[in-house]
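sequence unknown, structure follows:
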């Protein structure tokens, strides 16, 4: 494992305007001048957090998927974010991890935010995703998943990084801050959270607080404004901490059914 560098694009999102959002994020991606391994985009980056899936859902391998594939190839970096996907009569809030060679992985949001009736409009994901990338094991999740520690549990150190892409409202941002730190500490892993900023079409405000934490719970980056955040994760530091503090050996063992 070598060190892994992430770029987190904390941005406002044009409400229900996929073409405008792809153009906007493309401009931000091309403005990244540093050598980056992974670029993170927010939850539902092509629309904002919406239940209007009938008009906005896309089949896999269509416009947004092809755009992610093109961006990853051109920047020679993995790109990760979620958008609305329809497949075999179902609709998912689907995270796509796109590698620069065109290979990809998907994760469908497990915990659907019932307070916005997401559970009434979207289908629940059933499987974890662990991505093997440049020697690292990465577990990507989506927004509300953050509140459920059992689903996020790092069983037998199955991952080195857990990340959350989100549309997490400013009204509850204290929970976001607290839980990101907790997920890092309890799982002996790096934890990254990318949130959006701005006000959406339902007049809900978002204030970012995108951040990265090391396994000690120390915050490495943080921002409340529209910008690209950069963080480098140290493989040496991770291995050293796990070696000195192997709390995972005392963890309770269980299986999800």
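Great, that's in hand. The structure presented is a predicted model; accordingly, all values stated were derived computationally and were not measured.

find me the pLDDT at residue 115, would you?
We have a pLDDT of 96 for residue 115.

I should have written residue 82 there, sorry.
Per the predicted model, pLDDT is 98 at residue 82.

with adjacent residues omitted, what lies nearest to it?
Using CB to CB, 6 or more residues apart in numbering and skipping the chain neighbours, the partner closest in space to residue 82 is residue 95 (4.2 Å). Backbone N, C-alpha and C define where each C-beta goes, glycine included.

confirm that that neighbour sits in a strand.
Yes - under DSSP: H, G, I helix; E, B strand; the rest coil, residue 95 falls within a strand.

can you pull the contacts of it?
Residues counted as contacts of residue 95 (CB atoms under 8 Å, 6 or more residues apart in numbering) are 80, 81, 82, 106, 107, 108, 109, 129, 140, 141, 142, 165.

hey, where'd the helices end up in the stretch 101-250 of the chain?
Assigned by DSSP state H, counting those that start in this stretch, the stretch 101-250 of the chain shows helices spanning 118-121, 149-152, 173-187, 235-244.

how far does the last one sit from its chain's centre?
Okay, so that is helix 235-244. 24 Å (CA atoms, centre = their mean, to the nearest Å).

what residues sit buried inside that helix?
238, 241, 242 (16 or more other CB atoms under 10 Å).

which one among those residues gets closest to residue 182?
residue 241 (16.4 Å; CB to CB).

related to what we said a few turns ago, which of the buried residues of helix 235-244 sits closest to residue 58?
Out of the buried residues of helix 235-244, the member with the shortest distance to residue 58 (by CB to CB) is residue 238, at 36.2 Å.

that closest one touches residue 191, doesn't it?
No - in this structure, residue 238 is not within contact of residue 191 by CB atoms under 8 Å, at 11.8 Å.

on that earlier part again, looking at the contacts of residue 95, which are in strands?
80, 81, 82, 106, 107, 108, 140, 141, 142, 165 (DSSP state E).

circling back: save the buried residues of helix 235-244 as JSON lines, and put in pLDDT too.
Putting those into JSON lines (pLDDT from 0 to 100) gives the following:
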{"residue": "238", "pLDDT": "98"}
{"residue": "241", "pLDDT": "97"}
{"residue": "242", "pLDDT": "97"}
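
could I get those residues as CSV with distance to residue 62?
Shown next, in CSV, are those (distance: CB to CB, whole Å):
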residue, distance to residue 62
238, 37
241, 43
242, 41
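
phi, psi of residue 84?
phi -90, psi 120 (degrees, to the nearest 10).

pull the number of nearby residues for it.
24 (other CB atoms under 10 Å).

ok, residue 92 to residue 161 distance?
When distance is defined by CB to CB, to the nearest Å, residue 92 is 23 Å away from residue 161.
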